[in-house]
Structure formats: C-alpha cells, structure tokens
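Visitor: curious how this folds, go ahead:
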Amino acid sequence: MRPSKVSAKVTTATAAHETDAERRHEHRFQVSESIARLVMRTTANNLPLSRDDRPYQWSTTTYCDTVSWSIFRAAVKGSAMQLRIREYHRTRPHEVMNPGTAWIEFKDDERDTSLKERFGVPMEVARSFLRGEATLPDPDHGLAERAAELLRGGARPVAATQYNRLAYNALDSSLRITADHNLMYFAVPWETRSDAEEGPSRLGSLLAMEPDVIVEMKWYGDLPHWAVDLHAYLAENTREERPSKFIVAMRWLLGETDGTKKPKKK
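Guide: Numbering: from 1, shown residues only. Have a look, this model is predicted:
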C-alpha cells in the first residue's frame, strides 16, 4: 500500500523537514467540552496517540500577513498560502519567537483541502527567514518560494494563537484527529520591532478566548467506517463549518467579528 504521507525528518545542521505527500481533506468543528470528550474517547479506541504532539503541551502559532491583508482576504475566498511559525512549550509562554526550535510552516489551503510543508530550524534561522535573509533547502512543493514572495511583498507576523492540543494519528498518517482546548487569539506587534532585534517579542493584546473546543479531522482517501460515523456526529452537533484559526484570528484583529462565527455586516 502506498503511504498517504511522507514525514521524513532530515537531521542536518540547518533543518528538519516534514511534508504532505498529497493534498488532504481538512474539516473543523466547534463543539462543547462534553462532545469533544466523547469524540476523543472514540478516537482513542481507534487511533494511537500522536508521537509528535505531547498531550496538553502549549502550541504557539504566529501568523504572517501583508500590509494589505492579502493572505487573509485570499483565505476568506477559499484559497490561500499561509506562512506561520510554530513553537511548542511545556508551559504557556508570554512571548513569541522564543529561543529553541521553531517550525517554519507553509500551508496551501484550497476549500476543504490543504497541503503543508514545514522545516524545523533554530529560532534565529526562522527570524532570519522572516527578514528575507535565509533560504530553506530543497522544498518539495515550491511552497517555500511562494512564502518568500509573500515576504518580499511585505508579509510580517501580525497575529498568534495559543492552545493545548490532544492529537491522534494513524500510523500511515492517513487520518489525524485533534482537539484544541484553551484556544486564545493574540495580536503580535512585530512591526514596531527593529529587524536587528534578536530577542523574543511579547504577545500583544488578547483578542479573544475560545469558549469551546475545536476538533479537526484531516485525512487522505476514504475514511474508515467508524470515522465516517464520527464525522457525521460532529457535523450534527455543529451549526456550521468552522473557519481556520488564521481566519478567526484575523477577523478578531481587524474587528470583522462580534464574537460569532460570521463576520459583521458592513
């Protein structure tokens, strides 16, 4: 059977590398804590705990956009190339771009599918990449070059999310189900920083806190029968498809939401 995903970590002086082998389906659901617990119990009976996501560690994701908010506008229309920096910590940091390992992630979203590639590098390399000074080796999908074009167009960090993630993953990576708790959205005042500054950047104002749990299902090919039933159960208990964290964060940042799932009418 052909693998659904290539997840090769290359240990070099510059970067570890992980990439999707093909586009995968990606659906998100905003559900109550009780429903999330039931969903994840069912998931745990069918999938192993993800080896790369320690339960309840803090994930911090810093998102980039241009001065004209071109990435956000494209994402709202259903197709966008995201550029983001991900960090993992045992306790919740109050800063972004902390010393240690950073994952530079490129994610090509197209309606309900995505294609992701990421590089694990020292944080100083990630900062250098955001300033347009560093390049990344041999990207498989050309996503890094597209991200470099965004940086040349003025993209810079503008918003961040922090959350605790519980993740289960099929051994062949054909199916991944996650539950994100304690999700928070922050502004990132990066544009006031000097390019020469190498220290962490404090998170800006807290834009919003998610009262519910965000459950995501990502898969290749056909879902197993139990996952089809689980997907239907989630759909029945959700009012509408949940936008990406990037879209929600940007709506809060730009004042285009009043706390509901839909943007304000203008």
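Visitor: quick one, strands of the protein?
Guide: 16-19, 24-31, 58-65, 79-89, 95-96, 101-110, 113-122, 156-169, 175-187, 201-202, 206-209, 213-219 (DSSP state E).
Visitor: which one, of those, ends up nearest to residue 226?
Guide: Minimum separation from residue 226 across the strands of the chain (C-beta to C-beta) falls at strand 175-187, 10.2 Å. The C-beta positions use only the backbone N, C-alpha and C, and glycine is treated the same way.
Visitor: can you give me the angle that closest one makes with strand 24-31?
Guide: 60 degrees (axes from the mean of the first three to the mean of the last three C-alpha atoms, to 10 degrees).
Visitor: could you list every helix and strand in contact with strand 175-187?
Guide: Secondary-structure packing of strand 175-187 (3 or more C-beta pairs under 8 Å, 6 or more residues apart in numbering; DSSP states H and E): helix 33-44, strand 156-169, strand 206-209, strand 213-219, helix 225-236, helix 245-253.
Visitor: quick one: strands adjacent to the shortest one?
Guide: Put plainly, it is strand 206-209. strand 175-187 (antiparallel) (DSSP bridges).
Visitor: in the strand it pairs with, which residues are buried?
Guide: Within strand 175-187, the residues scored as buried using 16 or more other C-beta atoms under 10 Å are 175-180, 183-187.
Visitor: and the angle from that strand to strand 58-65?
Guide: Using the same axes, to 10 degrees, strand 175-187 lies at 70 degrees relative to strand 58-65.
Visitor: run the chain-centre distance for strand 175-187.
Guide: 8 Å (C-alpha atoms, centre = their mean, to the nearest Å).
Visitor: same question for it, mean pLDDT?
Guide: Averaged across strand 175-187, the pLDDT comes to 96.
Visitor: please shift the residue numbers so they start at 52 in all later answers.
Guide: Sure, I'll start numbering at 52, so the last one becomes strand 226-238.
Visitor: dump it to PDB, keeping only the CA atoms.
Guide: Provided in PDB are the C-alpha atoms of strand 226-238 (Å, rounded to 0.1, in the frame of the first residue of the first chain):
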ATOM      1  CA  LEU A 226      -6.100  10.100   9.300                       C
ATOM      2  CA  ARG A 227      -5.400  12.700  12.100                       C
ATOM      3  CA  ILE A 228      -7.900  13.900  14.700                       C
ATOM      4  CA  THR A 229      -7.100  16.700  17.100                       C
ATOM      5  CA  ALA A 230      -8.900  18.600  19.900                       C
ATOM      6  CA  ASP A 231      -7.700  22.100  20.700                       C
ATOM      7  CA  HIS A 232      -8.500  23.400  24.200                       C
ATOM      8  CA  ASN A 233      -8.000  26.800  25.900                       C
ATOM      9  CA  LEU A 234      -7.600  28.500  22.500                       C
ATOM     10  CA  MET A 235      -6.600  32.100  22.600                       C
ATOM     11  CA  TYR A 236      -6.000  34.700  19.900                       C
ATOM     12  CA  PHE A 237      -3.400  37.500  20.200                       C
ATOM     13  CA  ALA A 238      -2.200  40.500  18.200                       C
END
